[in-house]
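[1] Next come a sequence and a model predicted from it.
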Amino acid sequence: MGGISIWQLLIIFAIIILLFGTKKLRNLGTDLGGAVKGFKKAMGDEETKNDSDPKTIEAKPETVDAAKKVETNNSDTTRKETTQS
């Protein structure tokens, strides 16, 4: 009752072909298909970038020891400054 039948769709399609011509419709379809293909390719590239495991960097023991010494020295300096104030 309120829906569009197949015959109405065919009439609308025929009017569109008469207005724009088959060449323009073919070009429009080609452009639309290329855009969809490019979009899917870009989404696939993005997913492969996100799927790669993040690289973990292992710290050398010397670096960890040096960082602990600096941290200890900074906390001692802060204690001295607070007691002098």
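    Cool, the structure landed.

[2] shaky segments in the protein?
    Residue ranges of the chain with pLDDT under 70: 1, 49-57, 59, 74-85.

[3] what do you get if the cut-off is 80, keeping everything else the same?
    Where the chain drops to pLDDT under 80, the residues are 1-2, 46-85.

[4] gap between the residue positioned nearest the centre of the chain and residue 39?
    Central residue of the chain (CA atoms, centre = their mean): residue 46, 5.6 Å from the mean position. With distances taken as CB to CB, to the nearest Å, residue 46 is found 11 Å from residue 39. To be clear about C-beta, it is placed using only N, CA and C from the backbone, and glycine gets the same treatment.

[5] if we can go back for a sec, next, the residue nearest to the centre of the chain: secondary structure please.
    helix (DSSP: H, G, I helix; E, B strand; the rest coil).

[6] List the residues that contact it.
    Residues in contact with residue 46 (CB atoms under 8 Å, 6 or more residues apart in numbering): none are found.

[7] Tell me the spacing between it and residue 36.
    In this view, residue 46 and residue 36 are 16 Å apart by CB to CB.

[8] same question, residue 20
    Relative to residue 36, and taking CB to CB, residue 20 is found at 20 Å.

[9] Without its sequence neighbours, what residue ends up closest to residue 20?
    Distances taken as CB to CB, 6 or more residues apart in numbering place residue 28 nearest to residue 20, at 7.9 Å, with adjacent residues excluded.

[10] Cool, thanks, talk later.
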